[in-house]
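1. Predicted model and sequence follow; I will ask about them next.
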Amino acid sequence: MEKLLVEGGHSLNGRLRVSGAKNSAVALLPAAILAESPVTIEGLPNISDVDTLGQLLEEIGGTVQKQGQDVYIDPSRMISMPLPNGKVKKLRASYYFMGAMLGRFKKAVIGLPGGCHLGPRPIDQHIKGFEALGAEVTNEQGAIYLRAQELRGARIYLDVVSVGATINIMLAAVKAKGKTIIENAAKEPEIIDVATLLTSMGAKIKGAGTDVIRIEGVESLSGCRHTIIPDRIEAGTYTIMAAAKGEEVLIDNVIPQHLESLLAKLREMGVTIESSNDQLIVRRSNPLKSVDIKTLVHPGFPTDLQQPFTSLLTQASGTGVVTDTIYQARFKHIDELRRMNADIKVEGSSAIVNGPIVLEGAKVKASDLRAGAALVVAGLLANGVTEITGLDHIDRGYENIVEKLQELGANIWREKMTEAEIEQFQNS
Ligand SMILES: CC(=O)N[C@H]1[C@@H](OP(=O)(O)OP(=O)(O)OC[C@H]2O[C@@H](n3ccc(=O)[nH]c3=O)[C@H](O)[C@@H]2O)O[C@H](CO)[C@@H](O)[C@@H]1O
Ligand SMILES: C=C(OP(=O)(O)O)C(=O)O
């Protein structure tokens, strides 16, 4: 087991390239189950969630070959193997095996998913969608059993705008008989990316990226090549880091329109950002002004950037209020930031951040993926060295984070933990 060490105070300078989007990757891989011939996905990020999904695809009989950042998946020999336990628990997106296997085999057994602990993360809207399409769904000892004689198109209104439910229903509906309409659908760019892959496979989907998605079921889907979109959350995280410590940082392979809510808030704080087709140039300015943020569904401020943004707010003068309307308890990073001297209190679904504060390096623990990113932002800003444990969370979503930051001039490195440290970590 390793820990991450960050010596704060170094300016960031230079250029970095954003990887393929984690939240697309984790849906594109299961989507390949629906094809009858090989699918190649270009530009997948080298992160543990992608590895885990590759292993799950192999468990059900798929051939998965990595060629650099391209992944070739041959789904022709896949079978509807039950996956009640094991790797499905390691990540959230294993829930996409439900929609994809239901679409292809009309049956699936999948354990309840893992992923970041952000408070309750029910999947009732996924199940409501599968049932509307004609599946019988039961929960038996923590695994979801799905079976259908046939899937029939349906009109499905989501009670809650959900990324996962929107994609999962799309996956099941592309091979259902007749027309499916998903109303109150989520509009995140990753949904468009998945719809683009499915369309290249032969699916008929209209409206992805709006709140009404229309799908006309088809008999069969075939393989194709698809290039993944850039990771807007990774791009946003580095943009926040550059706002914190960047003399001049050029971020390549970005779709700036995916990040408008973040860029607007950073500009309000006084950060200088130039944006062009697929690049951002970010320069820190002094002093930074506090702002309030409220997380919302896309195109609102993404909940996945709330935690790293909170670390930046500790450097701004005044009081900033961070309200998470998607995950009202997504504040596990706050106690750790307090250990580093941050002046933050949590009231209900808001964190109230007073700044500017001089952060001090400390031993802290990443409780989830973006909490980890928040601690790296804080570490870059702090006096002395910050030691971050819980790296398995960070490795789920950030490709080569150490190398990318070293390239920009940060003093950041990994170290093996001692037996005593591992024991202390496991008991904490
Ligand atoms: C793998 C992946 O893509 N993860 C992203 C996805 O998670 P995920 O797909 O799990 O998140 P959802 O969009 O489904 O969740 C949004 C809200 O709806 C609620 N809800 C969701 C489904 C449901 O059946 N019932 C229900 O009540 C959730 O508790 C949450 O409050 O979108 C989140 C919100 O942008 C991001 O933080 C995650 O990074
Ligand atoms: C919450 C996240 O991931 P997951 O849904 O995979 O747990 C995230 O990417 O910030």
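-> Looks like it arrived, so ask away. Ligands and ions are numbered 1, 2, ... in the order given.
2. For the rest of this, base every contact and every neighbour count on C-alpha atoms.
-> Will do.
3. Strands of the stretch 251-400 of the chain, residue ranges please.
-> 272-275, 279-283, 288-289, 293-295, 316-324, 343-347, 350-355, 363-365, 385-389 (DSSP state E, counting those that start in this stretch).
4. So for Leu197, which of these sits nearest?
-> Across the strands of the stretch 251-400 of the chain, Leu197 has its closest neighbour in strand 279-283 (24.3 Å, C-alpha to C-alpha).
5. Neighbours of Ala374, how many?
-> 27 (other C-alpha atoms under 10 Å).
6. Show the contacting residues for the closest residue to it other than its chain neighbours.
-> Sequence neighbours aside, Pro308 is the residue nearest to Ala374 in space, at 3.8 Å (criterion: C-alpha to C-alpha, 6 or more residues apart in numbering). By C-alpha atoms under 8 Å, 6 or more residues apart in numbering, the contact set of Pro308 is 237, 240, 370-371, 373-375, 377.
7. closest to ligand 1 among these?
-> Arg370 (9.0 Å; C-alpha to the nearest ligand atom).
8. pLDDT wise, what is the closest one at?
-> Note on Arg370: pLDDT of 98.
9. re the thing from before, may I see the strands of the stretch 251-400 of the chain arranged in CSV, with distance to Phe425 and mean pLDDT as well?
-> Converted to CSV, those look like this (distance: least, C-alpha to C-alpha, whole Å; pLDDT from 0 to 100):
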stretch, distance to Phe425, mean pLDDT
strand 272-275, 39, 96
strand 279-283, 36, 98
strand 288-289, 35, 97
strand 293-295, 31, 98
strand 316-324, 28, 98
strand 343-347, 24, 97
strand 350-355, 26, 98
strand 363-365, 8, 97
strand 385-389, 7, 98
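10. So which of these is nearest Glu140?
-> strand 316-324 (32.4 Å).
11. buried ones in that closest one?
-> 316-317, 319-324 (16 or more other C-alpha atoms under 10 Å).
12. And those, which two are furthest apart?
-> Ser317 and Asp324 (21.3 Å).
13. Around ligand 2, which positions in this structure sit nearby?
-> 91-93, 115-116, 304, 369-370 (C-alpha under 6 Å from any ligand atom).
14. at 8 Å instead, please
-> When proximity is defined by C-alpha under 8 Å from any ligand atom, the chain lies next to ligand 2 at 22-23, 49, 91-93, 114-118, 233, 303-305, 368-370, 396-397.
15. So which of those residues are in helices?
-> 22-23, 49, 233, 303-305, 369-370 (DSSP state H).
16. now these in CSV, with distance to Glu260 and neighbour count?
-> Shown next, in CSV, are these (distance: C-alpha to C-alpha, whole Å; neighbours: other C-alpha atoms under 10 Å):
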residue, distance to Glu260, neighbour count
Lys22, 19, 29
Asn23, 18, 25
Asp49, 26, 24
Ile233, 12, 22
Thr303, 14, 22
Asp304, 14, 22
Leu305, 12, 21
Leu369, 22, 22
Arg370, 19, 28
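17. now, among those residues, which is nearest to ligand 1?
-> For these, the nearest to ligand 1 is Asn23 (4.2 Å; C-alpha to the nearest ligand atom).
18. How about the contacts made by whichever residue of the stretch 201-350 of the chain sits closest to ligand 2?
-> Using C-alpha to the nearest ligand atom, the single residue of the stretch 201-350 of the chain nearest to ligand 2 is Asp304, 4.4 Å away. Shown in contact with Asp304 (C-alpha under 8 Å, 6+ apart): 233, 370.
19. One more: Ala208?
-> If you count contacts by C-alpha under 8 Å, 6+ apart, Ala208 has them with 187, 191-192, 195.
20. cutoff 7 Å now
-> 191-192, 195 (C-alpha atoms under 7 Å, 6 or more residues apart in numbering).
21. Quick check: phi and psi at it.
-> Reported as degrees, to the nearest 10, the phi and psi values for Ala208 are phi -60, psi 130.
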